[in-house]
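Q: got a predicted structure plus its sequence, pasted below:
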Amino acid sequence: MMKVWFLILIMTPLFLKVDRAFAQNDQGTVLKKVVIDPGHGGRDPGAKGAKTNEKDIVLDVALRVGKMINEKYPEVEVIYTRKTDVFIELNKRGEIANKAHANLFISIHANSVKPGNKCPSGTETFVMGYSNLAANMEVAKRENSVILIEDDYSTRYENFDPNRAESYIIFQLMQNSHLNQSLDFAAEIQTQLKESKRVDRGIKQAPFLVLWQTAMPSILVELGFICHPEEEKFMSSAAGKDKLAASIFQAFSSYKSKFEDRSSFRPGEQATNQQQPKTGVTPLKTSPAEPQKSETSKTGTPKVEFCVQILSSSKPLDTNSNTFKKHKGVERLKLSNSQYKYILGRTSSYAAAQETLKKVKSDFKDAFIVSIVDGKIAPVAEGLKIINP
């Protein structure tokens, strides 16, 4: 136990440095900068396939993603942690994003398993978090072990040992202020990859050092398993790289739209009844400083509901107005940041929420499924699997 507390104490300066970075990052309402991080590089090949290395696949895909963003959104600055086959330390990858005051961090990797184990297939996207799920921890340990080939890694990472379970206790103390946005983007990525016929292994949380040190919404996407012959063949082909890059780009486009709140109500866009709202108000607190009492099921677990978010606005709208006249039962949720979200069709069934989404899409093209857990609202992409979120 003494060793555990000593570890927490020596890692506290690094933790506080990252926490201050979160507080200093002012993202505003426009997505101006994105950092794309091709994993590994140089003397670090990453996971090895029969014919290819992870570092080469992910660099090629990353450059394709950046090119697509540049062509479609010239106003967005694309920053790479590396553009060639060079080795970049994990802590420097986060520093690049933080110093640029980026709005989004995308780390691209290829998965694998220990030699001798059966190799699965599929894509999965990780957000920062501490997980007790053994499979998630194994992926994190493998990616974090890169620091062992860095010069003077023990000093740089405050004696953090990626292969020792007690080193990860510090992650349990961390509150990620960008978790909801990271989950939102992760959901977009998994949805797009699934639509391109990749096996969907869902969204997961794991303690990745590269995500821990970034002060903005951040994800780490595993494009597939390089140890799987068919997936290695797909990921190393030009057509496969194009499809993977296009999926990430489409996810970026969708996330950018939501980030900039293009679905928000703006005066003059619709001729609606602007009198003060009378019904449909459901207060919803999302601030960590104002926790709500969890609503639990009979089993004692938090109650999870699904619904469809159809609109958001900075001013309250009457749920009986012409804006919503085609749809009954619209609720207005007031968030702690003075924003209002309008939802429809609360249900415990995800399938039922999907049916509701289909019905409202013609009137609200930017509608999407959300979940309400512990009094907090979070986006859930259509068809998404969330594993140990």
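A: Here it is on my side, so go on.

Q: what helices or strands is the longest strand anywhere in the chain leaning on?
A: The longest strand of the chain (DSSP state E) is strand 304-313. In this structure, strand 304-313 makes packing contacts with strand 264-265, strand 340-347, helix 350-360, strand 368-373, judged by 3 or more C-beta pairs under 8 Å, 6 or more residues apart in numbering; DSSP states H and E. Backbone N, C-alpha and C define where each C-beta goes, glycine included.

Q: could those go into a markdown table alongside mean neighbour count, distance to Ser236 and mean pLDDT?
A: Formatted as a markdown table, the helices and strands packed on strand 304-313 follow (neighbours: other C-beta atoms under 10 Å; distance: least, C-beta to C-beta, whole Å; pLDDT from 0 to 100):
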| stretch | mean neighbour count | distance to Ser236 | mean pLDDT |
| --- | --- | --- | --- |
| strand 264-265 | 18 | 42 | 40 |
| strand 340-347 | 21 | 43 | 87 |
| helix 350-360 | 16 | 35 | 83 |
| strand 368-373 | 19 | 34 | 76 |
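
Q: okay, Arg64: pLDDT?
A: Note on Arg64: pLDDT of 98.

Q: which helix or strand contains it?
A: helix 54-72 (DSSP states H and E).

Q: that helix packs against which elements?
A: strand 33-38, strand 77-80, strand 104-111, strand 218-225, helix 229-236, helix 238-259.

Q: now the second one: mean pLDDT?
A: Per-residue confidence for strand 77-80 averages out to 98 on the pLDDT scale.

Q: give the buried residues for it.
A: Neighbour-count burial for strand 77-80, counted by 16 or more other C-beta atoms under 10 Å, picks out 78-80.

Q: that strand pairs with which strands, and in what direction?
A: According to DSSP bridges, strand 77-80 forms sheet pairs with strand 33-38 (parallel).

Q: just the CA atoms of the partner strand, as PDB, please.
A: Taking Å, rounded to 0.1, in the frame of the first residue of the first chain, the C-alpha atoms of strand 33-38 are listed here in PDB:
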ATOM      1  CA  LYS A  33      -7.600  22.800 -35.500                       C
ATOM      2  CA  VAL A  34      -7.400  19.000 -35.500                       C
ATOM      3  CA  VAL A  35      -4.300  17.000 -34.600                       C
ATOM      4  CA  ILE A  36      -3.900  13.700 -36.300                       C
ATOM      5  CA  ASP A  37      -1.500  11.300 -34.600                       C
ATOM      6  CA  PRO A  38      -0.200   8.300 -36.500                       C
END
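
Q: what angle do that strand and strand 218-225 make?
A: Using axes from the mean of the first three to the mean of the last three C-alpha atoms, to 10 degrees, the direction of strand 33-38 lies 30 degrees away from that of strand 218-225.

Q: coming back round to it: make TSV from the helices and strands packed on helix 54-72 and add distance to Lys328 to it.
A: Below are these laid out as TSV (distance: least, C-beta to C-beta, whole Å):
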stretch	distance to Lys328
strand 33-38	40
strand 77-80	44
strand 104-111	37
strand 218-225	37
helix 229-236	46
helix 238-259	25
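
Q: what about the ones you listed, which gets the closest to Pro316?
A: helix 238-259 (20.6 Å; C-beta to C-beta).

Q: now do the closest one and helix 229-236, the angle between them.
A: Using the same axes, to 10 degrees: helix 238-259 against helix 229-236 is 70 degrees.

Q: and of the buried residues of strand 77-80, the nearest to Glu305?
A: Using C-beta to C-beta, the buried residues of strand 77-80 come closest to Glu305 at Val78, 37.8 Å.

Q: do I have it right that that closest one meets Leu31?
A: No. Using C-beta atoms under 8 Å, Val78 is not in contact with Leu31, being 11.3 Å away.

Q: look at the nearest residue to Lys141 once chain neighbours are set aside and give its secondary structure.
A: Nearest non-adjacent residue to Lys141, counting by C-beta to C-beta, 6 or more residues apart in numbering: Pro162, 5.5 Å away. Three-state call for Pro162 (DSSP: H, G, I helix; E, B strand; the rest coil): coil.

Q: in contact with Pro162, which residues?
A: By C-beta atoms under 8 Å, 6 or more residues apart in numbering, the residues touching Pro162 are 141, 144-145, 147-148, 209.

Q: please redo it, this time with the cut-off set to 6 Å
A: Contacts for Pro162 were tallied using C-beta atoms under 6 Å, 6 or more residues apart in numbering; they are 141, 144-145.

Q: before we move on, what about Lys33?
A: So Lys33 contacts 77, 100, 102-103 (C-beta under 6 Å, 6+ apart).

Q: buried ones among the residues you listed?
A: Of the contacts of Lys33, these count as buried by 16+ other C-beta under 10 Å: 100, 102-103.

Q: pLDDT and distance to Val199 added to those residues, as CSV?
A: Shown next, in CSV, are those (pLDDT from 0 to 100; distance: C-beta to C-beta, whole Å):
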residue, pLDDT, distance to Val199
Ala100, 95, 34
Ala102, 95, 30
Asn103, 94, 30
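
Q: same list, those, but as JSON lines with distance to Gln190 please.
A: Formatted as JSON lines, those follow (distance: C-beta to C-beta, whole Å):
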{"residue": "Ala100", "distance to Gln190": "26"}
{"residue": "Ala102", "distance to Gln190": "22"}
{"residue": "Asn103", "distance to Gln190": "20"}
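
Q: measure the closest residue to Ile69 other than its chain neighbours to Gly46 for me?
A: Closest residue in space to Ile69, ignoring its immediate chain neighbours: Val78 at 5.3 Å, by C-beta to C-beta, 6+ apart. Using C-beta to C-beta, to the nearest Å, we find Val78 at a distance of 22 Å from Gly46.

Q: counting neighbours, what do you get for the closest residue in space to Phe105 that isn't next to it in sequence?
A: Nearest residue to Phe105 in three dimensions, chain neighbours excluded: Ser218, at 3.9 Å (C-beta to C-beta, 6+ apart). Look at Ser218: counted by other C-beta atoms under 10 Å, it has 30 neighbours.

Q: measure stretch 108-124 end to end?
A: 11 Å (C-alpha to C-alpha, to the nearest Å).
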